[in-house]
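curious how this folds, go ahead:
(one chain, ligands or ions: 2)
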Amino acid sequence: MHSQLTRARVLAQYRGHWLVASESDEAPRLLTARGRLAETPVTGDWVGVDDGGAIAHVFDRAGTIIRRVPGEQGKPVSAQILAANVDLALVTEPLPDPKARRLERFAALAAAGGVPVAVVLTKTDLVDDGYVTAAALARRMGVADAVDVSAVTGEGLGVVRSLLAPGTTAVLLGASGTGKSTLVNALLGEERMKTGEVRASDRRGRHTTVTRELLALPGGAFLIDTPGIRVAGLWDGTGESFADVDTLAADCRFSDCEHRTEPGCAVRDAIDPERLAAWRKLQRELAWVTDRRAAQRQRDEWHKQITKQLRQR
Ligand SMILES: Nc1nc2c(ncn2[C@@H]2O[C@H](COP(=O)(O)OP(=O)(O)OP(=O)(O)O)[C@@H](O)[C@H]2O)c(=O)[nH]1
Ligand SMILES: [Zn+2]
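Ligands and ions are numbered 1, 2, ... in the order given. Reported below is the predicted structural model:
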């Protein structure tokens, strides 16, 4: 099918070109794609680069973060892959007032893509007992790993590093302003300068408005930052992130129980009311998205049929 392909990793994506690193290259290279690929490469992808130095193939992904693109009313709904081949999502919220609802939403996004979650509360220098808050939130979400961290004092950085095993890829997920980039800088230390130079040195000039970037941390792990996320719409379920509700719901009398006032509900009295309300809200959103996606599929199918019939005449 192809000439010899070299395996390489996508470090960043720009309009129509990608910053790619392969083991054989000394520095990352900015490449284009060979024709139209079946999949558009995204940050974190493993790709095959052909002899001519173009991306010719995107390898199957494992562990993806996919969100619904914030669209306009009436426009088709569509998905955006924020990161590919991710082993762990560090879901961030800032102290002193971390929002459980936003954590749940980002955790659901990660879980839907098969990515395990750790709760990371930033700005712990602003409070006295950040760890207690982090542990309590994580426990309610059914998440094993909870960290409170400060880029100012360095507290908790060691714990974050211990979650990032060499060779694995993590993604930072959280609303804008939760301290993701600051945490990246703290984890990078003086490496930051070096990566900045690399990115400035390609012949197309500077790419200062870098969006999602895969960075190599000093400890041997990789980290993808996702700056500027305002809306994290769900796309494909909530994965295992509401296992507490899902497990209990199996014992509800009605299979479509909304866990409100239905008789024989096994969930209502066992789950925190706010968490249950959040679950309901996300389910409603998913029902809407699923409906829209089904309608779009049907319309596409219909369009294809008509086109085919017209061609045959
Ligand atoms: N006190 C304190 N402030 C922090 C800490 N980490 C980040 N901040 C501040 O929080 C603000 C937002 O931090 P960013 O790192 O830009 O947040 P972000 O999540 O990357 O935001 P986006 O790039 O918009 O997604 C900045 O003003 C930081 O200086 C911290 O550990 N302690
Ligand atoms: Zn129920």
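
show me how far the helix or strand containing residue 119 is from its chain's centre.
Following DSSP states H and E, one finds residue 119 within strand 117-122. Relative to its chain's centre, strand 117-122 lies at 14 Å (C-alpha atoms, centre = their mean, to the nearest Å).

okay, now the sheet partners of that strand, with direction.
Strand 117-122 sits in its sheet next to strand 88-94 (parallel), strand 145-148 (parallel), going by DSSP bridges.

including distance to ligand 2, could the ones you listed go into TSV?
(Each C-beta comes from the backbone N, C-alpha and C, glycine too.) Below are these laid out as TSV (distance: least, C-beta to the ion, whole Å):
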stretch	distance to ligand 2
strand 88-94	27
strand 145-148	28
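
return the residues of the stretch 151-300 of the chain in contact with ligand 2.
By C-beta under 5 Å from the ion, the residues of the stretch 151-300 of the chain that approach ligand 2 are 252, 257, 259, 265, 267.

follow-up on the earlier one: show residues contacting whichever helix or strand comes after the strand holding residue 119.
Proceeding N to C from strand 117-122, the next assigned helix or strand is helix 130-141, under DSSP H and E. The contact list for helix 130-141 (C-beta atoms under 8 Å, 6 or more residues apart in numbering) reads 93, 95, 98, 100, 103-104, 107, 117-121, 124, 127, 144-148, 150, 156, 241, 272, 275.

contacting ligand 1 as well, which ones from the residues you listed?
Under the cut-off given by C-beta under 6 Å from any ligand atom, ligand 1 has residue 150 from the contacts of helix 130-141 close to it.

the stretch 151-300 of the chain: helices as residue ranges?
Ranges of helices in the stretch 151-300 of the chain, per DSSP state H, counting those that start in this stretch, are 157-163, 180-188, 191-200, 243-249, 273-312.

and the strands paired with strand 117-122, which is most packed in?
Most buried of the strands paired with strand 117-122 by mean neighbour count (mean count of other C-beta atoms under 10 Å) is strand 88-94; its value is a mean of 25.

what residues of the very next helix or strand once past that one count as buried?
Following strand 88-94 in sequence order, the next helix or strand is helix 100-112 (DSSP H and E). By neighbour count on 16 or more other C-beta atoms under 10 Å, the buried set for helix 100-112 is 100, 102-112.

same check, this time on stretch 76-85
Neighbour counts over stretch 76-85 (16+ other C-beta under 10 Å) mark 77, 81-85 as buried.

domain assignment for the chain?
2-58, 65-225 (automatic domain parsing).

can you tell me which of these is most buried?
Mean neighbour counts were taken over those using mean count of other C-beta under 10 Å, and the top value, a mean of 18, falls to domain 65-225.

what is the end-to-end distance of that one?
The first and final residues of domain 65-225 sit 12 Å from each other (C-alpha to C-alpha, to the nearest Å).

low-confidence ranges, the stretch 201-313 of the chain, go.
The model of the stretch 201-313 of the chain has pLDDT under 70 over residues 201-210.

close to ligand 1: what parts of it are there?
227-228.

could you do the stretch 1-150 of the chain as well?
122-123, 125-126, 150.

same thing but 5 Å
By C-beta under 5 Å from any ligand atom, the part of the stretch 1-150 of the chain that sits against ligand 1 consists of 123, 125, 150.
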